[in-house]
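# structure for this input, please:
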Amino acid sequence: MNEQNNNPNRQAWKELQQAFAGAAEEAGFTKEQDVVDYIKAMRQETAVEAMKKFQREMAGEWEKAGLHSDEDVMDLIREMRAEEKG
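Just a heads-up that it's a prediction; the model follows:
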């Protein structure tokens with residue numbers, strides 16, 4: 001048992017837990033669900049930012065491909081599906 005207490009990995013883990021607990025307290029997290037909700041919000045924000053970046057990078061590309069409306073996109077999808085079916 002004493003050997004486990006002297007394990008550097010175990011000690012590092014305990015220090016990490018203490019640091020996280022302190023940071024969580026400073027951030028106002030009072031329960032575990034607060035942390036879960038915060039992480040979910042961060043992930044959603046990241047996904048939204050990724051989509052915005054994709055949209056910026058693709059600006060003008062749809063028109064170059066001849067896609068000017070939602071109906072053009074739907075027509076392309078229908079054509080591709082028809083080709084897959086043979």
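# switch to C-alpha atoms for all contacts and neighbour counts from now on
Noted.
# mind jotting down where the helices sit in the chain?
Ranges of helices within the chain are 2-5, 8-26, 32-58, 61-64, 70-85, based on DSSP state H.
# which one of those helices has the lowest average pLDDT?
Of all the helices of the chain, the minimum mean pLDDT falls on helix 2-5 (a mean of 56).
# could you dump the helices of the chain into JSON lines and include mean neighbour count?
Formatted as JSON lines, those follow (neighbours: other CA atoms under 10 Å):
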{"stretch": "helix 2-5", "mean neighbour count": "8"}
{"stretch": "helix 8-26", "mean neighbour count": "12"}
{"stretch": "helix 32-58", "mean neighbour count": "12"}
{"stretch": "helix 61-64", "mean neighbour count": "11"}
{"stretch": "helix 70-85", "mean neighbour count": "11"}
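# and K31, what's its pLDDT?
With respect to pLDDT, K31 has a value of 85.
# what about it, how many neighbours?
10 (other CA atoms under 10 Å).
# and it, how far from M58?
The gap separating K31 from M58 is 41 Å, by CA to CA, to the nearest Å.
# what's the answer for N9, then?
From N9 across to M58, the span is 46 Å (CA to CA).
# kindly report the same for A27.
Distance, A27 to M58, by CA to CA: 37 Å.
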